[in-house]
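>>> Fold the stuff below for me.
(chains A, B and C)
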Amino acid sequence: MIDQNSKTLLEVRGLHANVSGIEILKGVDLTVRSGEIHAIMGINGSGKSTFAKILAGHPAYEVTAGTIIFNDRNLFDLDPEERARAGVFLAFQYPIEIPGVANNQFLRLAYNTVQSQRGKEELDPLEFDDFVREKMKLLEMSPDFLDRSVNEGFSGGEKKRNEILQMALLEPKLAILDETDSGLDIDALRIVANGVNQLTNKDNATILVTHYQRLLDYIVPDYVHVMESGRIIKTSGKELAKELEAHGYDWINADDGCSTTGVRA
Amino acid sequence: MNTMISNGYLENLIRSWQKPAAASLSWFDQLRANAMDNVNTLRMPTTHDEEWRFTDISPLSRLPYPAAYAAPQLQSSDIKHCYLAEAICRLVFVDGQYAPDLSNISNNAGAIIGNLSSLVAAHGDTIARYLGQLAEFQNDVFTALNTAFLHDSACIIIPQNVSVTTPIHLLFITTQKEITSYPRCLLIAESGSNATVVEDYVTTEEAAYVTNSVVEMNLADTAHVSHIRIQRDNQQAFHIGNCTVSLAQASQYYSVSITLGAYISRYNLNVTLAGEGAECTTDGLVLISGRQLADTHTFIDHVKPHGKSRQLHKCIVDGMAHGVFNGKIMVRPHAQLTDSSQLSRNLLLTNKARIDTKPQLEIFTDDVKCAHGATVGQLDKEEIFYLKSRGLSDLTARNLLTYAFGGEVIDRISISSLKRELEEIVLARTQIS
Amino acid sequence: MSAVLQNLVNQPYRHGFVTEIESDIAPKGLNEEIIRLISSKKNEPEWLLAFRLQAYEKWLSMTEPRWQNVKYPEIDFQSISYYSAPKPKKKLASMDEVDPELLRTFEKLGVPMHERAALAGVAVDVIFDSVSVATTYKEKLAEVGIIFCSISEAVHTHPELVKQYLGTVVPTGDNFYAALNSAVFTDGSFCFIPKGVKCPMDLSTYFRINTEGSGQFERTLIIAEEGASVSYLEGCTAPRFDTNQLHAAVVELIALDNAEIKYSTVQNWYAGDEKGVGGIYNFVTKRGLAKGVNSRISWTQVETGSAITWKYPSCILRGDNSVGEFYSVAVTNNYQQADTGTKMIHIGRNTRSTIVSKSISAGHSNSSYRGLVRVAPTAENARNYSQCDSMLIGDQCGANTFPYIQVNNNSAKVEHEASTSKIGEDQLFYFLQRGIGAEEAVSMIINGFCKEVFQQLPMEFAVEATKLLSFKLEGSVG
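Just a heads-up that it's a prediction; the model follows:
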């Protein structure tokens, strides 16, 4: 929902970043206010996943220029775990497997860490169990997930649901969903999207990073940005996604590719 | 083991060694003399040596067979059945002696192929740089002996960016009993080159003899070499083979070794991934029966980052035979991002058959992906049941599965006539009626 | 991030202090006279002296093994004192009578043993240096016929049992250090579970090396008769010294028909300082004989201490259907070296063995798994499964795997798997992104890595082990 009066949550200006000495982001600007859903689209290699990881503070990326203000704080001052505790959540494109660490143990530790940071009450294992089971219903997950090792042996769809479950537990201010739709069948996509929709409200914001339009049938964005070669080259309303789906990414360049505001009717 | 016997063995061989004339001490004679100096300082290994723990070679020590300096004349028709249809290029050595009449090196597709004596005039410097330099003879008595008795060698030089599309066939034939032959091969693959070499040991003899072979291969940047080794000596023979391979940056070495023959055989394959991003695959199949003993020792040495190695070694052991596998994978400090996997799989067909396997990892850097595994057992009962439930007899099911076990390695050979031939051998050896 | 990893290691040894207790120390050196002295000090029967002297004869003809993948300076066996015992003051009937200095030592170690014994229902046979000082719960155990005492006591109270079993699993001439132990052992635990008895509590011993320069040669003998079962816990901590101390224990387990012995160890002996100076040499021979049908021997170890650890708790599976198990976690840091693993010798029919080995190497340390699985021609349908995983923290350490598999029976099925991993940057980042700090993340990952082994430990040991690991690796990850 767009409300020009709502608080600016994320302000990215002139962001440049390298990985292994190669420049991937070449000046990204983006403003996200509370209550908004943004979609960042683009072909593989356009820099959209890099952007998502930089917001979360992944050590493999080196920021060379630009600023990011998150909730009135300089994001670069914060370590990855401090960002998480401040409310930045990244749903990973490839959630990592952690053998031997039980999912419920991991979820509870993450939950309690964030809760205590916010001055809220921590839950003991029994209380947490009730709490997490409730959240799992939202995502139609079997309680079996709790006893298994984190993401180990999970199918692609199960891993993605586990990511959204964590989002539901941690209640972030800014959720970044990196290709959350990839590898999901239509049922799983519906479940995941439904989960995300229930978690969005006027006080938080969501950035969807995706290659395809189909996720946007379920989670309707307020803004669609097209990223190419490390820059956002076009920004528009939700109908832009449909155009991209119909015509592919090439038509943007064929058209008024320099415009960042124009909407093709 | 009796050290008297061992020393006696070496002394006999040392005595039979012909010292090069002092006047003609070329680099080549110097190499041989150095190797002989080493033989003098070494002793025959015993089962007390970790590297020979499961392989008792004392029977060999009683057989100080002399080197065969003169080979009998063979007609091409005698050995035609050993030729490979796909190989246009062929080097034949009879009892360790080069046989130009049986060889065919005219269609070399731009490669330099021949025996040492014919190539040394034009390519002496190149050959001197590698011959005897890769295969260390300081600590290995058999390599030292081979080098000391070296008087000819198969030499293959693949010049820069030359791609030889048909296999080069190295055929080593033993025709006499009670001799020792010292086959030798040097392959120099210059940068960007590509070749397939078949190293093939056959015999027309039925009694005991000794083969002591040494192969050296140097692969320069981005060179690609496929190496197929087939050992089909008779079941009285002794076969000691050493192969040392050095891989420069981004080069690729792919090898399949098939061991079928010999009473006691030992194959040492040492591959050093000396350049970044080098890759090797070293597969093997050992199929033995009766009282045969076949010992395979491989050493894959990751020295530089981004190396990759793959290994599948299989043994099918029948009768009272004894299979030994020792596969060592070393990841040196700084060989970051090494990716290595190794699997030793073994099938015992009788309750007198025996397997000793030791897949071994030595890792000295943290960011690596290394896995190894070993299995020993008989055929999977579930698989047998599955086949029987589809109407196959117990025997047919077993034969099929045994064959399939070996077939997995044979399948990795790219030369179709050779693959067919080996399939038939494996089929014949694995079928019980 | 690796900076965080680097910082987690170099913590001072918490148990480094020397207790001031009067010791009765034998002159340094080893000869027949010293052996006779030990034997007479302990007032031993003639047959035991003969056992010692025979072992000494064998030891003289043996040479120190060098095949293991560890490096250390030559040990001068003549500069070691082979006997040291607190001077006996009087016979102790209860814990109250124990030297208060000794009790304080235990408190410093975090082992309030009377409390611990009461809370956990553990009977603690305390070994201080080489002589048994106090034994609790002995009477309760005696009610069901269990004998749990020091081996020197058992020599006097149950000579026929000691004589029958001592040296039957680890013969006097088994190896260099076992021969040495057999010649000079001073004390250790003896445990006998009679026919049909399930030991009602975990039996536990705390070992502690004290007097500087005195090697410790414990001898433990555990016998479970037909249908009996017992779980035995061994834990070690040692004070800090700059000269290396040799520790060469021998442990023998014997399980008769349908009997079960579970032996768990948490080893945290002084490992030397961050430069590799000092620390214990832990050269141990531990072997269990699954003698009867359906018997089971299970070894669980968490090895975090010692400058050098060299041990292979083994199972000889002689009884048909017998089972051998080995679960191990070995953690090395700084300049520690560990060469450890197991031997599973399958002799009986339908014998089964499981090996789970986890090693974590940090700093400049080196850890090797060395294991042997042997299937004899008689071992129809033998089964083994082995899994050996290594984790490396930093690029100065090493992890090696040497599995020997020898199969002589075609109905056997032997499987071995091994892998090497590190704590990946992406794994760590995943935790961080969820708000979990690096140290906690590393501790969770490591405990996850070792989970299959920790599950085998009795509850209170598992908690101790988990803490110990985090403590050992503190500062090495990040």
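
>>> all helices for the chain, in order.
Since you didn't name a chain, this refers to chain A. Assigned by DSSP state H, the helices in chain A fall at A:48-56, A:80-86, A:103-117, A:125-138, A:156-170, A:186-199, A:239-247, A:250-254.

>>> please go with chain C instead
Counting by DSSP H, chain C has helices at residues C:2-6, C:32-41, C:46-60, C:100-108, C:113-120, C:138-143, C:151-157, C:159-165, C:176-184, C:425-433, C:438-449, C:451-454, C:459-473.

>>> Out of those, indicate the one that is most buried.
For these, average neighbour numbers computed from mean count of other C-beta atoms under 10 Å in any protein chain shown are highest in helix C:176-184, which has a mean of 25. In this view, the C-beta of every residue, glycine as well, is placed from N, C-alpha and C.

>>> who's in contact with residue 148?
Picking chain A for this. Remark: with contacts taken as C-beta atoms under 8 Å, 6 or more residues apart in numbering or on different chains, A:R148 is in contact with A:102-103, A:154.

>>> My question was about chain B, not that one.
With contact taken as C-beta under 8 Å, 6+ apart, B:A148 is in contact with B:17, B:32-33, B:35-36, B:38-39.

>>> will you turn those residues into a markdown table that also has pLDDT and distance to chain C?
Written out in a markdown table, the entries for the contacts of B:A148 read as follows (pLDDT from 0 to 100; distance: C-beta to the nearest C-beta, whole Å):
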| residue | pLDDT | distance to chain C |
| --- | --- | --- |
| B:W17 | 79 | 34 |
| B:R32 | 89 | 35 |
| B:A33 | 89 | 34 |
| B:A35 | 92 | 29 |
| B:M36 | 91 | 31 |
| B:N38 | 91 | 24 |
| B:V39 | 90 | 26 |
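
>>> Take those and keep only those in strands.
Counted as lying in strands by DSSP state E, out of the contacts of B:A148, is not a single one.

>>> Could you export those as JSON lines, including neighbour count?
Below are these laid out as JSON lines (neighbours: other C-beta atoms under 10 Å in any protein chain shown):
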{"residue": "B:W17", "neighbour count": "17"}
{"residue": "B:R32", "neighbour count": "22"}
{"residue": "B:A33", "neighbour count": "17"}
{"residue": "B:A35", "neighbour count": "23"}
{"residue": "B:M36", "neighbour count": "20"}
{"residue": "B:N38", "neighbour count": "20"}
{"residue": "B:V39", "neighbour count": "22"}
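
>>> Where does pLDDT dip in chain A?
Applying pLDDT under 70 to the predicted model, the residue ranges of chain A that meet it are A:253-265.

>>> Of all the residues in it, which one is nearest chain C?
Closest contact between chain A and chain C, by C-beta to the nearest C-beta, is at A:G100 (2.7 Å).

>>> what helix or strand is whichever residue of the stretch 51-200 of chain B sits closest to chain C on?
Minimum separation of the stretch 51-200 of chain B from chain C (C-beta to the nearest C-beta) falls at B:F54, amounting to 7.8 Å. Element membership for B:F54, per DSSP states H and E: none, as it lies in no helix or strand.

>>> any idea how far it is from B:R354?
Using C-beta to C-beta, to the nearest Å, one obtains 9 Å as the distance from B:F54 to B:R354.

>>> shared neighbours, these two?
Listed contacts common to B:F54 and B:R354 are B:322, C:406; contacts here mean C-beta under 8 Å, 6+ apart.

>>> would you turn the helices of chain C into JSON lines with mean pLDDT and distance to B:Y263?
Formatted as JSON lines, the entries for these read as follows, by pLDDT from 0 to 100; distance: least, C-beta to C-beta, whole Å:
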{"stretch": "helix C:2-6", "mean pLDDT": "38", "distance to B:Y263": "54"}
{"stretch": "helix C:32-41", "mean pLDDT": "87", "distance to B:Y263": "51"}
{"stretch": "helix C:46-60", "mean pLDDT": "93", "distance to B:Y263": "38"}
{"stretch": "helix C:100-108", "mean pLDDT": "53", "distance to B:Y263": "65"}
{"stretch": "helix C:113-120", "mean pLDDT": "38", "distance to B:Y263": "62"}
{"stretch": "helix C:138-143", "mean pLDDT": "76", "distance to B:Y263": "61"}
{"stretch": "helix C:151-157", "mean pLDDT": "88", "distance to B:Y263": "52"}
{"stretch": "helix C:159-165", "mean pLDDT": "94", "distance to B:Y263": "46"}
{"stretch": "helix C:176-184", "mean pLDDT": "91", "distance to B:Y263": "37"}
{"stretch": "helix C:425-433", "mean pLDDT": "88", "distance to B:Y263": "52"}
{"stretch": "helix C:438-449", "mean pLDDT": "85", "distance to B:Y263": "47"}
{"stretch": "helix C:451-454", "mean pLDDT": "87", "distance to B:Y263": "44"}
{"stretch": "helix C:459-473", "mean pLDDT": "70", "distance to B:Y263": "52"}
